[in-house]
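Visitor: Below: sequence and its predicted model.
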Amino acid sequence: MKQVEIIKSVVLFLLVALSITLTFSIWTYTPNLKTLEQKPTVDISISKRATIDDVIKPYKSTFRFEDSLTGTTDSTEIEHILKAMKNWTISDVVSKDQNFDAGKLNLLLNKRNSFTLFYHTEIPLGVFEDLVNIDEMKGPDTSFDRVIIEWNSLNTRLDMHLVSSLHKWRYSAQVHVPDMQKFNQTILLRGKNFSPYTQVKTNEESLLMIPVNSLEIIRNTYYQDAISPSRFRDALFNDPNAVRRSQVGQNVEEFQDDNALMTINTDKKILDYVHPTTPKTSDVSIPSELFLDVFDYINEHGGWSNEYRLANLNPLSRTVKFQLHVHGLPVFSDSTSTMIEQVWGVDRVFRYKRPYYILDSNLPSETETVSLPSGVDVVKMLLESDDVTGSLVDEIIPGYYMKHDTNPNLFMLEPSWFYRIKGNWTRFSPENFGGEMIGLE
């Protein structure tokens, strides 16, 4: 009996020891698992990215010499000027006149030994410093739509004027040119050979710098391709798998989740993305921050499907617009959109409207040179017209009017003159001195 008790004690001890051992093993056990590799983030790129100097460019440059006025809208020639300016050093940017009205601007434009770069909209100084070398920029984030530079052959310092025709202010700056001989060759000599220009006043304020001679511009025909709307769905929505797709009309589709709606017009190839849950504000945005927010947003998904340039920057409405360009000239249309437009909310985009077609390839067999009347003739016809209030015209430019060819998959780009009244561009039609209001607002 005594031996049975001893055996029971031994067995109990062994069971307790085994339990302790198993418990300890469970607590300290580490599985031998292979390290899981983190999947790379998918980079959604609709088309291509851009740099700031791709989308901010002057549309015209004029040169005032001692005995002549010349100018150009040729993007290649303007690019030579911009390239040279990258080697300059700009300093001492200061406010000079906060009441710089049209009369003062016209006097400055008429100063000899000066040239001017014209922009379609106000360019924030905080963005301009990404295009040129500004030494120790201080002061407010001002903006301007004219850059006027005066030169003096006796020294290597130029006087720069940053002028806002909208806000009627002028800032001045000093420009150091490292090589004045190179400046004479790459800037002044080229400017001297630009087309002859003249100036015409349509009213007491507007002074137009326009070409004297007719223009020769190539008519182009492009094959129209399109980006799949599903790629925009993947790029713009937080969770593409949660997006519901529905047909709501003959040419209208909708992509929607609980936060955003994207409407697709499959006929005009236009998408309209709205994020209504984004808080809106009536606060005036800082111009440079507004531009960079919108620019970075489009760059994040590689949204520059064609050549687009900044056409309008409105801090009050927090709206930024980019105009389609071909061969450096703006493109307008009344059959589709040629504009990328964004309204920015507090922290993110509120509305994003844009075309999703691509001008895929030019058809050489369909190209031909078209002769446009001179700017002088166009302004004369506008001023004499009973259908157009010519005195309200504040700018005229050459560009392209885009329309469908007989083949719906082809876009024809017709060279045309366009004139601006109160911010709206209209195609100039010699037959009736008018046309349909299209494009920029």
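Guide: Sure, I can see it.
Visitor: quick one, phi psi at residue 103?
Guide: Comment: the main-chain dihedrals of residue 103 come out as phi -60, psi -40, following degrees, to the nearest 10.
Visitor: quick one, what contacts it?
Guide: residue 205 (CB atoms under 8 Å, 6 or more residues apart in numbering). Just so you know, the C-beta spots here come from the backbone N, C-alpha and C atoms, and that holds for glycine as well.
Visitor: Adjust the sequence numbering to begin at 44 for everything that follows.
Guide: Will do, 44 is the new start, and the previous item becomes residue 146.
Visitor: For residue 247, see how far away it is.
Guide: Residue 146 sits 8 Å away from residue 247 when distances are taken as CB to CB, to the nearest Å.
Visitor: so where's the chain shaky on pLDDT?
Guide: Counting by pLDDT under 70, the chain shows low-confidence ranges at 44-87, 180-183, 475-484.
Visitor: list the contacts for the nearest residue to residue 280 once chain neighbours are set aside?
Guide: Closest residue in space to residue 280, ignoring its immediate chain neighbours: residue 286 at 5.1 Å, by CB to CB, 6 or more residues apart in numbering. Shown in contact with residue 286 (CB under 8 Å, 6+ apart): 276, 280, 298-300.
Visitor: Mind doing that once more with 10 Å?
Guide: When contacts are counted by CB atoms under 10 Å, 6 or more residues apart in numbering, residue 286 touches 273, 276-277, 279-280, 297-301, 303-305.
Visitor: check which helix or strand covers the residue nearest the centre of the chain.
Guide: Residue closest to the mean C-alpha point of the chain, counted by CA atoms, centre = their mean, is residue 353 at 3.2 Å. Here residue 353, judged by DSSP states H and E, is contained in strand 350-357.
Visitor: what lines up beside that strand in the sheet?
Guide: The strands that strand 350-357 pairs with in its sheet are strand 362-369 (antiparallel) (by DSSP bridges).
Visitor: before we move on, back to that, my read is that the residue nearest to the centre of the chain contacts residue 364, right?
Guide: Yes - counting by CB atoms under 10 Å, residue 353 sits close enough to residue 364 to count as a contact (7.7 Å).
Visitor: returning to what we had before: mind checking how far the residue nearest to the centre of the chain is from residue 384?
Guide: Separation of residue 353 from residue 384 (CB to CB): 12 Å.
Visitor: any chance you could map the helices in the stretch 344-484 of the chain?
Guide: For the stretch 344-484 of the chain, applying DSSP state H, counting those that start in this stretch gives helices covering 418-427.
Visitor: just the strands in it please.
Guide: 350-357, 362-369, 372-375, 382-387, 392-398, 400-405, 411-415, 436-447, 453-464, 467-470, 480-481 (DSSP state E, counting those that start in this stretch).
Visitor: want to throw those into JSON lines with distance to residue 152?
Guide: Below are the strands of the stretch 344-484 of the chain laid out as JSON lines (distance: least, CB to CB, whole Å):
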{"stretch": "strand 350-357", "distance to residue 152": "22"}
{"stretch": "strand 362-369", "distance to residue 152": "24"}
{"stretch": "strand 372-375", "distance to residue 152": "22"}
{"stretch": "strand 382-387", "distance to residue 152": "29"}
{"stretch": "strand 392-398", "distance to residue 152": "35"}
{"stretch": "strand 400-405", "distance to residue 152": "35"}
{"stretch": "strand 411-415", "distance to residue 152": "24"}
{"stretch": "strand 436-447", "distance to residue 152": "13"}
{"stretch": "strand 453-464", "distance to residue 152": "17"}
{"stretch": "strand 467-470", "distance to residue 152": "22"}
{"stretch": "strand 480-481", "distance to residue 152": "28"}
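Visitor: and of the ones you listed, who's closest to residue 237?
Guide: The closest approach between residue 237 and any of those, judged by CB to CB, belongs to strand 436-447 at 14.4 Å.
Visitor: buried residues in stretch 251-264?
Guide: Counting neighbours by 16 or more other CB atoms under 10 Å, one finds that the buried residues in stretch 251-264 are 251-254, 258, 260, 263-264.
Visitor: sorry, that was for stretch 142-161
Guide: Going by neighbour count (16+ other CB under 10 Å), the buried part of stretch 142-161 is 143, 148, 151-152, 157-161.
Visitor: Among these, which ones are in helices?
Guide: 148, 151-152 (DSSP state H).
Visitor: Residue 122 versus residue 389, what's the distance?
Guide: Distance from residue 389 to residue 122, counting by CB to CB: 37 Å.
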